[in-house]
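S.K.: Let me see the structure of the following:
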Amino acid sequence: MARVADSATRSAHVYALLRTEILTGALEPGSKLQPAALADRLDTSTTVIRDALMQLTAERLCTRRPSHGFSVPSLTPRELADLTLVRIHNDSLALQLSIERGDLDWETTVLATHHRLQKTPRRLPDDPSHTSDQWAEAHRAFHEALISACGIPILVELSNNLFDSCELYRRWAAPSERATTRDVPTEHTALMKATLARETDHAIKLLTDHYTFTMNVILDAGLALPHLPPASGLSE
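M.R.: Predicted structure coming up:
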């Protein structure tokens, strides 16, 4: 029984370590993740490594292709622009429907998740260059709460998938000057207030601006977009 517990603890440790290395850029976007080499470096078995990589693949923090193996997802300007465009259209509709259909319980959930987000440090003193996992979790919960009353599960599911797909981009750009000086709490508070006031057009504009600002911060951090026209529907 103790061996099973030790094995589970080791697997959880390896998964957490690889996840952190991917999100902080220690394992660079596009780099190959070779189970044998990782097992040797982390002093564990290839089985443990493969289990961790499969879990990371499910979270979109790792990719797996036949005959190519595992790798850290590549970050491309075109994909970022496309993800942002689809997020704006999908989440705008979901937010509109939530505002129309949301009840008191929904309002309470939005308020509670916003409060938790505002009270959770975005960056920790011992690692000020990167977004904390606790804040990232609270951030996800807030955005999910905003659209949770839409009544269309596929919209919520797509929103969650798009959020996951953008997470590596957000984490990659976190150390940049524009990311560290951005007033994210004010953006979230304005979005929360407009949503609960049922100001649909204003809330959708704030959501659009919020997503577009995130894209521009990432581009400014060094993910340049040369020779590509602006994605249709994105404001400057």
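S.K.: Then Pro73 would be within a strand, right?
M.R.: No - assigned with DSSP: H, G, I helix; E, B strand; the rest coil, Pro73 falls outside any strand and is coil.
S.K.: ok, it - how many residues close by?
M.R.: Residues contacting Pro73 under the criterion other C-beta atoms under 10 Å number 18. (Glycine included, C-beta is placed from N, CA and C.)
S.K.: what sits against the nearest residue in space to it that is not next to it in sequence?
M.R.: Leaving aside its chain neighbours, Pro73 sits nearest to Thr63 (5.1 Å; criterion: C-beta to C-beta, 6 or more residues apart in numbering). Contact analysis of Thr63 by C-beta atoms under 8 Å, 6 or more residues apart in numbering lists Thr57, Phe70, Ser71, Val72, Pro73.
S.K.: Dump stretch 133-149 to PDB, restricted to CA.
M.R.: C-alpha atoms of stretch 133-149 as PDB (Å, rounded to 0.1, in the frame of the first residue of the first chain):
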ATOM      1  CA  ASP A 133      -1.200  29.000 -10.200                       C
ATOM      2  CA  GLN A 134      -3.600  30.200  -7.500                       C
ATOM      3  CA  TRP A 135      -4.400  33.400  -9.500                       C
ATOM      4  CA  ALA A 136      -4.700  31.400 -12.800                       C
ATOM      5  CA  GLU A 137      -7.200  29.100 -11.200                       C
ATOM      6  CA  ALA A 138      -9.300  32.000  -9.800                       C
ATOM      7  CA  HIS A 139      -9.000  33.800 -13.100                       C
ATOM      8  CA  ARG A 140     -10.500  30.800 -14.900                       C
ATOM      9  CA  ALA A 141     -13.300  30.400 -12.400                       C
ATOM     10  CA  PHE A 142     -14.300  34.100 -12.800                       C
ATOM     11  CA  HIS A 143     -14.500  34.000 -16.600                       C
ATOM     12  CA  GLU A 144     -16.400  30.700 -16.500                       C
ATOM     13  CA  ALA A 145     -18.800  32.200 -14.000                       C
ATOM     14  CA  LEU A 146     -19.600  35.100 -16.300                       C
ATOM     15  CA  ILE A 147     -21.000  32.800 -19.000                       C
ATOM     16  CA  SER A 148     -22.300  30.000 -16.800                       C
ATOM     17  CA  ALA A 149     -25.900  31.000 -17.000                       C
END
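S.K.: buried ones in the top helix by length along the chain?
M.R.: The residue-count maximum for a helix in the chain (DSSP state H) belongs to helix 77-101. Judged by neighbour count (16 or more other C-beta atoms under 10 Å), helix 77-101 contains these buried residues: 77, 80-81, 83-88, 90-99.
S.K.: Extract the CA atoms of whatever helix or strand comes next after that helix and return them as PDB.
M.R.: Downstream of helix 77-101, the first helix or strand assigned by DSSP states H and E is helix 104-119. Extracted as PDB, the C-alpha positions of helix 104-119 are listed here (Å, rounded to 0.1, in the frame of the first residue of the first chain):
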ATOM      1  CA  LEU A 104     -29.700  35.600  -8.300                       C
ATOM      2  CA  ASP A 105     -27.600  32.400  -7.800                       C
ATOM      3  CA  TRP A 106     -25.700  33.300 -11.000                       C
ATOM      4  CA  GLU A 107     -25.100  36.900  -9.800                       C
ATOM      5  CA  THR A 108     -23.900  35.500  -6.400                       C
ATOM      6  CA  THR A 109     -21.400  33.200  -8.200                       C
ATOM      7  CA  VAL A 110     -20.100  36.000 -10.300                       C
ATOM      8  CA  LEU A 111     -19.600  38.200  -7.300                       C
ATOM      9  CA  ALA A 112     -17.900  35.400  -5.300                       C
ATOM     10  CA  THR A 113     -15.500  34.400  -8.000                       C
ATOM     11  CA  HIS A 114     -14.600  38.000  -8.600                       C
ATOM     12  CA  HIS A 115     -14.000  38.600  -4.900                       C
ATOM     13  CA  ARG A 116     -11.700  35.500  -4.800                       C
ATOM     14  CA  LEU A 117      -9.900  36.700  -7.900                       C
ATOM     15  CA  GLN A 118      -9.300  40.200  -6.500                       C
ATOM     16  CA  LYS A 119      -8.000  38.700  -3.200                       C
END
